[in-house]
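Student: sequence and predicted structure, then a few things I'm wondering about:
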Amino acid sequence: MQQRTIGGRSVSAIGLGGMPMSIMAERDHARSIAAIHAALDSGVTLIDTADAYHRDAGEVGHNEFLIAEALREYGDTGEVLVATKGGHLRPGDGSWTKNGRPEYLKEAAKASAKRLGVEAIGLYQFHRPDPEVPYADSVGAIRDLLDEGVILMAGISNADIAQIDEANEILGGRLVSVQNQFSPKFRSSEVELEHCAELGIAFLPWSPLGGIKGAPELGSRHAEFDAVASEVGVSVYQVTLAWELALAPVVIPIPGASRPESIRDSAKAAEVVLSADQVARLSAA
């Protein structure tokens, strides 16, 4: 599979987002394990998760446990980078809350490392700014985790340009990733994507196909993507991911999947070649 880099580390151009495996109303443990194994078989070496990816109260870290189990069962996964996040909470009632307090983030990171079964987390990202806590204080905790060796690389999520620059300064130029929502349906973070490209920071679009509800409607809602998919002879999902990859060499989409066939299809997007005209048409759509 085509390769990209995060903080100088080579990873697959398409990652796997683990959230759907853990937050859906109907979960299938065996199928989720199979989906992770299918991703690895397809050459995926970046897996994204978070301690908040769980459905019910009292099961914080459900997706981290799931990924750790799948990796143990698979065998040699030394090349796999697991990225997790902290600072966003899911009480179990379907809502999301935030906690960016430095002391909380430090404990959350250590708990994530334990669930993942690692001495140091490969990539840890501050999940979402907390309006009750100064952003510098939250990112300062991520810096401390990096300095202490609890995490090997640091990133942020759901950030604007000012926050990207502030985080990079606080981290002493060691910010390696920004994970923002981006898809044909959600284009407002394109400015952050372009900013990351200028800085050489990996940009990880979450919900790159439009999310659990939006993905099935991708072709019908975005006719040009469906048209290009027909021209190339691949799925509209592959075309969408290939378009995102074509926007900048720092882009690494992380489509969520809970079924083996879904991630196998998405992984093939790394090999799809779009013409300059097709990319321009999709960008203008």
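Tutor: Happy to help now that I have it.
Student: make it CA atoms for all contacts and neighbour counts henceforth
Tutor: Fine.
Student: ok, for residue 279, nearest residue in space, not its chain neighbours?
Tutor: Nearest non-adjacent residue to residue 279, counting by Cα to Cα, 6 or more residues apart in numbering: residue 243, 6.0 Å away.
Student: just residue 166 next, same as before
Tutor: Counting by Cα to Cα, 6+ apart, residue 166 lies nearest to residue 136, which is 7.4 Å off, once chain neighbours are set aside.
Student: in three-state terms, label the one you found for me.
Tutor: With DSSP: H, G, I helix; E, B strand; the rest coil as the basis, residue 136 sits in helix.
Student: separation between it and residue 97?
Tutor: 19 Å (Cα to Cα, to the nearest Å).
Student: what about those two, which has more around it?
Tutor: residue 136 (15 against 12; other Cα atoms under 10 Å).
Student: surely the more buried one meets residue 167?
Tutor: Yes: look at residue 136 against residue 167 with Cα atoms under 8 Å: they come within range, at 7.3 Å.
Student: ok, now how distant is residue 136 from residue 102?
Tutor: 10 Å.
Student: quick one, phi/psi of the residue lying closest to residue 185 once chain neighbours are set aside?
Tutor: Leaving out its chain neighbours, the residue that sits closest to residue 185 by Cα to Cα, 6+ apart is residue 210, at 6.1 Å. Torsion angles at residue 210 (phi, psi; degrees, to the nearest 10) stand at phi 100, psi 0.
Student: correct me if wrong: residue 210 contacts residue 184.
Tutor: Yes: the criterion here is Cα under 8 Å, and residue 210 meets it with residue 184 at 7.2 Å.
Student: thinking again about what came up before, what about the residue nearest to residue 185, neighbour count?
Tutor: For residue 210, using other Cα under 10 Å, the count is 22.
Student: contact partners for it?
Tutor: 182-186, 218 (Cα atoms under 8 Å, 6 or more residues apart in numbering).
Student: pLDDT value on residue 263, please?
Tutor: Looking at residue 263, its pLDDT is 97.
Student: can you check residue 212 too?
Tutor: 76.
Student: what residues sit buried inside the helix or strand of the chain with the lowest mean pLDDT?
Tutor: Using mean pLDDT, DSSP states H and E, the weakest-scoring helix or strand in the chain turns out to be helix 211-214, at a mean of 78. Within helix 211-214, the residues scored as buried using 16 or more other Cα atoms under 10 Å are 211, 214.
Student: what ranges do the strands span in the chain?
Tutor: Using DSSP state E, the strands found in the chain span residues 3-6, 9-12, 16-17, 46-48, 81-86, 88-89, 97-98, 123-126, 154-157, 175-179, 202-203.
Student: quick one on the thing from earlier: residues in contact with the least confident helix or strand of the chain?
Tutor: Identification of contacts with helix 211-214 by Cα under 8 Å, 6+ apart yields 20, 256.
Student: now it, how far from the chain's geometric center?
Tutor: 15 Å (Cα atoms, centre = their mean, to the nearest Å).
Student: alpha carbons of it, as PDB, please.
Tutor: This file holds the C-alpha atoms of helix 211-214, laid out as PDB (Å, rounded to 0.1, in the frame of the first residue of the first chain):
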ATOM      1  CA  GLY A 211     -19.800   9.200   9.000                       C
ATOM      2  CA  ILE A 212     -22.000   6.200   9.800                       C
ATOM      3  CA  LYS A 213     -25.200   7.900   8.500                       C
ATOM      4  CA  GLY A 214     -23.600   9.900   5.700                       C
END
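Student: so who does the closest residue to residue 65 other than its chain neighbours touch?
Tutor: Nearest non-adjacent residue to residue 65, counting by Cα to Cα, 6+ apart: residue 115, 5.6 Å away. Taking Cα under 8 Å, 6+ apart, we find residue 115 in contact with 61, 64-65, 68.
Student: ok, now residue 270?
Tutor: Applying Cα under 8 Å, 6+ apart, the residues near residue 270 are 1-2, 13-14, 241-242, 245.
Student: can you list these in CSV and add neighbour count and distance to residue 251?
Tutor: As requested, those are exported to CSV (neighbours: other Cα atoms under 10 Å; distance: Cα to Cα, whole Å):
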residue, neighbour count, distance to residue 251
1, 16, 15
2, 15, 12
13, 27, 8
14, 32, 9
241, 28, 10
242, 23, 10
245, 21, 6
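Student: identify the farthest-apart pair in these.
Tutor: Using Cα to Cα, the two most remote members of those are 1 and 241, lying 13.7 Å apart.
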